[in-house]
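A.B. asks: this is a predicted model, with the sequence first.
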Amino acid sequence: MATVRVTAKLGFLRPSCYPSLETGATNSITTMKGTFLLVLILEWIHQSNCCDFVDAALFCTTIPTEFPPGVSTLLISVSEAGEINSTVFHHDNLESVTSVIIRGAGITGIAEGALLSFLSLTSLALDQNELMDINHKWLGRPSILTELSMSQNNIRVLSGAMLREFTNLSKLTLSRNGINTIQTGTFTTLTALAHLDLSYNNLTQLTSEMFSPLHKVNMSLQGNPWVCSCDADFIKFIVDLKSRSLLHHAEDVTCASPPGLRGQPVWNITVCNAPTSPIYPFTEMETPRPSQSVTSKFFPLNSSAEMSLNIFAHCCGLEFLCSMEFLFRYSSDHLY
């Protein structure tokens, strides 16, 4: 197994990049075995400041100042890159590049126009960096980009301003960013979107309006702390995705709260578990309307019960009046 890995690595090395490797030494190295050789070559790659150009793909361990013509794929493996300014990738030979991959490079920011020279770029992967937003002004032609992958960055909020110019985007990967908010209208212009990965973020609920006018997007939503309350639209949205086979890893799209539903698939929730409280016609601080009796303030009554109560009150009133009249007459007769 060690020999196979070493041979694969040596296929990307050029003697001009590694002066310590003579032609004869290179041939003998391919026959050597053991962990020591593998570690040695990996260390050479790490310390090297050159690139290797293989089958239209340029592999670099640092950001070069010159680029050969005819490059279609650019893969850069660096660390602690910081902010990419507007001049680093300013080169005429980058016009042919269709795919750029810069993962785990410690990129904290990208200046507007920094990727302006990539006029044919259709795929951009910036995973495992420290970016906090997405900006179409990074690129010269954002409208031709079809794949954008920015998982494991520091994006918290998605808005329409971030994505509106990526009109031809078909695959968007934003997993493991800590996203907690998606503003309405974020995906309005992404009519070509077919795959959306929002897994392992901090989303709690979604609505169909967030994804208007998208209709046939395959979504990955697992690993979010979904709140399965009485929001019928949210549950309906997830159920609809599941019924149309558009929800990837559906079994892992589960409720985080309320506690009674924790671990249950969101698309399988049929009962509302939100606490309910009794509803009264008005509160104690309110004054009852003339059409209502004081008693109904505390004991909600139906129409029949209230009518009976009113009749009883009238009867009591008449009886009281009759009693008062009798007493008055009795008193008058005894006085005179």
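C.D. replies: Okay, I see it. What you see is a predicted model, and the numbers here were worked out from it, not measured in a lab. Numbering: from 1, shown residues only.
A.B. asks: residues touching residue 169, list them.
C.D. replies: 145, 146, 147, 148, 163, 190, 192, 193 (C-beta atoms under 8 Å, 6 or more residues apart in numbering). Just so you know, the C-beta spots here come from the backbone N, C-alpha and C atoms, and that holds for glycine as well.
A.B. asks: out of the residues you listed, which are buried?
C.D. replies: 145, 146, 147, 148, 163, 190, 193 (16 or more other C-beta atoms under 10 Å).
A.B. asks: okay if I get those residues as JSON lines plus secondary structure, distance to residue 210 and pLDDT?
C.D. replies: Below are the buried ones among the contacts of residue 169 laid out as JSON lines (DSSP: H, G, I helix; E, B strand; the rest coil; distance: C-beta to C-beta, whole Å; pLDDT from 0 to 100):
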{"residue": "145", "secondary structure": "coil", "distance to residue 210": "22", "pLDDT": "98"}
{"residue": "146", "secondary structure": "coil", "distance to residue 210": "22", "pLDDT": "98"}
{"residue": "147", "secondary structure": "strand", "distance to residue 210": "22", "pLDDT": "98"}
{"residue": "148", "secondary structure": "strand", "distance to residue 210": "18", "pLDDT": "98"}
{"residue": "163", "secondary structure": "helix", "distance to residue 210": "12", "pLDDT": "95"}
{"residue": "190", "secondary structure": "coil", "distance to residue 210": "12", "pLDDT": "95"}
{"residue": "193", "secondary structure": "coil", "distance to residue 210": "13", "pLDDT": "96"}
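A.B. asks: columns distance to residue 170 on top of those residues, output as CSV?
C.D. replies: Shown next, in CSV, are the buried ones among the contacts of residue 169 (distance: C-beta to C-beta, whole Å):
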residue, distance to residue 170
145, 9
146, 5
147, 7
148, 10
163, 13
190, 9
193, 6
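A.B. asks: closest one to residue 135 out of the contacts of residue 169, please.
C.D. replies: The closest of these to residue 135 turns out to be residue 163 (C-beta to C-beta; 9.9 Å).
A.B. asks: list the residues that contact that closest one.
C.D. replies: 134, 136, 169, 172, 186, 187, 189, 190.
A.B. asks: do residue 81 as well
C.D. replies: 63, 102, 105, 106, 107.
A.B. asks: which two of these have the greatest separation?
C.D. replies: Farthest pair in these (C-beta to C-beta) is 63 and 106. Separation: 12.4 Å.
A.B. asks: neighbour count: the two, which is higher?
C.D. replies: residue 63 (16 against 12; other C-beta atoms under 10 Å).
A.B. asks: how about TSV for the contacts of residue 169, with distance to residue 90 added?
C.D. replies: Shown next, in TSV, are the contacts of residue 169 (distance: C-beta to C-beta, whole Å):
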residue	distance to residue 90
145	19
146	24
147	24
148	22
163	25
190	29
192	29
193	30
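A.B. asks: before we move on, the earlier item: sort out for me which of the contacts of residue 81 are in strands.
C.D. replies: Taking DSSP state E, the ones among the contacts of residue 81 that sit in strands are residue 107.
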